[in-house]
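Q: dropping a prediction and its sequence here:
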Amino acid sequence: MRIYDELFKDPNDSACARCVIVPSGGGYFEGVRALGELSTEKIVVYFPRQAVEITGTDLAIKKYYEGDLQIGGKVSGVRVLSPETDGGKG
């Protein structure tokens with residue numbers, strides 16, 4: 001969609017990480033570089049310039065291939081981690 005192309009560009013004209021969250025059914029993430037903590041209640045996802053923490057219940061990796069990540073389970077929160085306070089790679 002054109003709107004996503006416009007919304008997810010940074011001022012340097014490079015693509016940013018994208019995510020779609022479905023609270024009752026997991027989420028989809030593009031541009032993933034690495035995974036950090038992984039449990040049924042928390043998953044930490046690293047992108048090129050930031051990291052996010054996904055919390056919920058029954059979380060699981062459904063697919064992870066070439067930077068695309070699909071998470072199953074019930075998502076209750078998503079938080080951008082700060083390199084200074086949370087140890088995010090940002």
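A: That came through, no problem.

Q: start from the N-terminal end of the protein and give the strands.
A: Secondary structure of the chain by DSSP state E: the strands cover 18-22, 26-30, 34-38, 42-46, 51-65, 68-81.

Q: would you reformat these as JSON lines and include mean neighbour count?
A: All C-beta atoms are positioned from the backbone trio N, CA, C, and that covers glycine. Compiled in JSON lines, the strands of the chain are given as follows (neighbours: other CB atoms under 10 Å):
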{"stretch": "strand 18-22", "mean neighbour count": "14"}
{"stretch": "strand 26-30", "mean neighbour count": "20"}
{"stretch": "strand 34-38", "mean neighbour count": "12"}
{"stretch": "strand 42-46", "mean neighbour count": "21"}
{"stretch": "strand 51-65", "mean neighbour count": "16"}
{"stretch": "strand 68-81", "mean neighbour count": "16"}
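
Q: can you put the ones you listed in TSV and add mean pLDDT?
A: Below are those laid out as TSV (pLDDT from 0 to 100):
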stretch	mean pLDDT
strand 18-22	84
strand 26-30	91
strand 34-38	94
strand 42-46	95
strand 51-65	94
strand 68-81	92
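
Q: who touches stretch 20-37?
A: 15-19, 43-48, 51, 53-54, 59, 61-62, 64, 67-76, 78 (CB atoms under 8 Å, 6 or more residues apart in numbering).

Q: for stretch 52-64, same thing?
A: For stretch 52-64, contacts defined as CB under 8 Å, 6+ apart pick out 19, 26-27, 32, 35, 37-45, 69-81, 86.

Q: mind redoing it with 7 Å?
A: 26-27, 40-45, 69-81 (CB atoms under 7 Å, 6 or more residues apart in numbering).

Q: can you give the distance from it to the centre of its chain?
A: 9 Å (CA atoms, centre = their mean, to the nearest Å).

Q: then stretch 58-65?
A: 12 Å.

Q: same check, this time on stretch 36-55
A: Relative to the chain's own centre, stretch 36-55 is displaced by 7 Å; criterion: CA atoms, centre = their mean.
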